[in-house]
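1. Task: produce atomic coordinates for the following.
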Amino acid sequence: MNSVNEAYQPTNIESQIQKTPHILGGVAITAGTAIGAGMFSLPIVSSSMGFGWSLVCMAMACYAMYHASMSILEVNLHFEPGESFYTMVKGILGKKWAIFNGILFAFLFYILNYAYISGGSAIVNKILVANIDVELSQGLASICFMLFAGFFVWLSTKAVDRILIVLITAMSLTFIMAISDLTLLAQYDNLMPKVGSNDSGYQYIFAALPFYLTSFGFHSNVPSLVKYYGKKPKVIAKTILFGALFCIVIYSFWLISTLGNLNSQNYSVISEGDGTIHSLVIALNQVTNNLHLSELLNYFANMAVLSSFLGVSLGLFDFLADKLKFPDDGFGRLKTAMCTFIPPALGSYFYPNGFIMAIGFAGLLLAINALIIPAFMVKKSRKMFSFSEYTHSGGSFRIHSIIILGIIFSVCHLLSMFGFLPNVHA
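-> Residues are numbered from 1 along each chain as shown. Prediction:
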């Protein structure tokens, strides 16, 4: 009997190990959250500085968001798996900081929702023109997009989940096919800075930084990863690192394939279209003159906007439902949906061409919410707790470097907003 028990014990341990989620799941969550419609802003804001300086912006944004995420992970391990970022801020920094962070979070999601609703107008008009030869104003088309996609958010989380699975799968396929063709067509000269002969393009870095920060917005998934894997900091740290590196690879190929195919004349098309996603796709279509590739780009752009809108809307919907204490029935979800969609819908109706502006403003909010606040949290938590299951490397130098970077990103956006930095909007 003892021999049977001894033989059984390792098998039981092995079965428990097998139930541990694979690291690829966490990598997919990390990268999937960051990669979306926001990547369409990168070629537009990078056109003047070229591919080389774009890599510098990318490295700075990735460094900042990765180490900020590690700070959140260190703090998160002092709480139970599943507890939210709001709970952590309240427990470490106090109720006032938690309220301030909650306002930032809601405002950030409203800004992103506005960006994706304004970007979705092109999807509606393309479908209407192709089927019934009718084109709406951009503001009205934005409202139609919001009503259609918002219906699924109101319906249920499960409905959004099912749609996102289909969208992400289709996005991956269309992205690979489109990028493979565009990369082969890229020209080296187009990757160079599009500035005067005496300029290297570095002066455009500062205004572009907030846009790159938005494209690495995976910090909010740390509590979800702790809930998913349990308190396993080494595994979670690897998923975030590999997810961040995967984002760099995807964005690098995206910039090579877009910047490498666009010249000054193409950027005038984008500028005339107020830097919208649709104007970027039109400019790329003009260069390639390939019907198959044009369709792939259109499909990818449309699915990227829709998936990003659904993901952000669901996060904002759940956040508001929790804070406003609306019930999870039909009427309660309707009230939550109205609070979720009416403010950004009004913004997109009266100011329909604000995609680039909104993505940049989101970078300002992220600099505070994702960099400065987590750095303050980990700094205080090390004084509050004598023991920690995980301590992020770098000591106080790393904490202060993240705070400084957060200030730099914030100041860059404010200087750009008030016209003190060169314009990077195509």
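2. which strands and helices sit next to the helix or strand containing residue 414?
-> Using DSSP states H and E, residue 414 falls within helix 395-417. Judged by 3 or more CB pairs under 8 Å, 6 or more residues apart in numbering; DSSP states H and E, the packing partners of helix 395-417 are helix 50-76, helix 205-214, helix 355-366, helix 373-384. Heads up, the C-betas are built off the backbone N, CA and C, glycines and all.
3. Just the C-alphas of it, formatted as CSV.
-> The C-alpha trace of helix 395-417 is given here as CSV (Å, rounded to 0.1, in the frame of the first residue of the first chain):
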residue,chain,number,x,y,z
GLY,A,395,16.4,49.6,-6.5
SER,A,396,15.5,53.2,-6.0
PHE,A,397,17.3,54.2,-9.2
ARG,A,398,14.8,52.2,-11.3
ILE,A,399,11.9,53.8,-9.4
HIS,A,400,13.1,57.3,-9.9
SER,A,401,14.0,56.7,-13.5
ILE,A,402,10.4,55.6,-14.2
ILE,A,403,9.1,58.7,-12.4
ILE,A,404,11.4,60.9,-14.5
LEU,A,405,10.3,59.2,-17.7
GLY,A,406,6.7,59.7,-16.7
ILE,A,407,7.3,63.4,-16.3
ILE,A,408,9.2,63.6,-19.6
PHE,A,409,6.3,61.9,-21.5
SER,A,410,3.8,64.2,-19.9
VAL,A,411,5.8,67.4,-20.6
CYS,A,412,6.4,66.3,-24.2
HIS,A,413,2.7,66.1,-24.8
LEU,A,414,1.9,69.4,-23.2
LEU,A,415,4.7,71.2,-25.1
SER,A,416,3.4,69.6,-28.3
MET,A,417,-0.2,70.5,-27.5
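4. Apart from its chain neighbours, what residue comes closest to residue 54?
-> Closest residue in space to residue 54, ignoring its immediate chain neighbours: residue 46 at 4.3 Å, by CB to CB, 6 or more residues apart in numbering.
5. from memory the one you found sits against residue 57, does it?
-> Yes - between residue 46 and residue 57 there is a contact at 7.5 Å, judged by CB atoms under 8 Å.
6. okay, and the common contacts of the two?
-> By the contact definition CB atoms under 8 Å, 6 or more residues apart in numbering, residue 46 and residue 57 are jointly contacted by residue 208.
7. Could you list every helix and strand in contact with the helix or strand that contains residue 180?
-> Using DSSP H and E, residue 180 sits in helix 157-185. Counting contacts by 3+ CB pairs under 8 Å, 6+ apart, helix 157-185 is packed against helix 138-155, helix 233-259, helix 277-288, helix 291-324.
8. Next, the angle from that helix to helix 291-324.
-> Counting by axes from the mean of the first three to the mean of the last three CA atoms, to 10 degrees, helix 157-185 lies at 140 degrees to helix 291-324.
9. Report the buried residues of helix 157-185.
-> Residues of helix 157-185 classed as buried: 160, 163-164, 167-168, 171, 174-175, 177-179, 181-182 (neighbour count, 16 or more other CB atoms under 10 Å).
10. re the thing from before, looking at the helices and strands packed on helix 157-185, spot the one closest to residue 31.
-> When the helices and strands packed on helix 157-185 are compared by CB to CB, helix 233-259 sits nearest residue 31, at 4.3 Å.
11. Beyond that closest one, next helix or strand please.
-> Next in sequence after helix 233-259, counting helices and strands by DSSP H and E, comes helix 264-272.
12. what residues does that next one touch?
-> In this structure, residues lying in contact with helix 264-272 by CB under 8 Å, 6+ apart are 44, 47, 194, 262, 279-280, 282-284, 286-287, 425-426.
13. so what's residue 76 up against?
-> By CB under 8 Å, 6+ apart, the contact list for residue 76 reads 83, 88, 222, 223, 226.
14. Mind telling me what element the closest residue to it other than its chain neighbours is part of?
-> In this structure, residue 76 finds its nearest non-sequential neighbour in residue 226, 5.0 Å apart by CB to CB, 6+ apart. Here residue 226, judged by DSSP H and E, is contained in helix 222-229.
15. What is that helix packed up against?
-> Helices and strands touching helix 222-229, by 3+ CB pairs under 8 Å, 6+ apart, are helix 23-34, helix 50-76, helix 85-93, helix 233-259.
16. how far out from the middle of the chain is that helix?
-> 18 Å (CA atoms, centre = their mean, to the nearest Å).
17. that older thread, now mean pLDDT too, for the helices and strands packed on helix 222-229, in JSON lines please.
-> Below are the helices and strands packed on helix 222-229 laid out as JSON lines (pLDDT from 0 to 100):
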{"stretch": "helix 23-34", "mean pLDDT": "82"}
{"stretch": "helix 50-76", "mean pLDDT": "94"}
{"stretch": "helix 85-93", "mean pLDDT": "90"}
{"stretch": "helix 233-259", "mean pLDDT": "92"}
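18. Which stretch among these approaches residue 333 most closely?
-> Residue 333 lies closest, by CB to CB, to one member of the helices and strands packed on helix 222-229: helix 85-93, at 21.1 Å.
19. immediately after that closest one, which helix or strand?
-> Helices and strands here follow DSSP H and E; after helix 85-93, the next one along the chain is helix 95-132.
20. Surely residue 168 and residue 31 touch.
-> No - if you go by CB under 8 Å, residue 168 and residue 31 don't touch, sitting 10.6 Å apart.
21. just to revisit the earlier point, now, among the contacts of residue 76, which is nearest to residue 69?
-> residue 222 (5.5 Å).
22. per-residue confidence for the closest one?
-> For residue 222, the pLDDT comes out at 88.
23. And for residue 15?
-> For residue 15, the model assigns a pLDDT of 42.
24. where are the low-confidence patches of this protein?
-> Low-confidence segments of the chain (pLDDT under 70): 1-20, 195-200, 269, 272-276, 424-426.
25. if we can go back for a sec, now tabulate the helices and strands packed on helix 157-185 in a markdown table and tack on mean neighbour count.
-> Formatted as a markdown table, these follow (neighbours: other CB atoms under 10 Å):
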| stretch | mean neighbour count |
| --- | --- |
| helix 138-155 | 20 |
| helix 233-259 | 19 |
| helix 277-288 | 22 |
| helix 291-324 | 20 |
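26. who's in contact with the residue nearest to residue 284 when sequence neighbours are not counted?
-> If the residues on either side of it in the chain are set aside, residue 284 comes closest to residue 297, at 5.8 Å by CB to CB, 6+ apart. Neighbour list for residue 297: 178, 281, 284, 285 [criterion: CB under 8 Å, 6+ apart].
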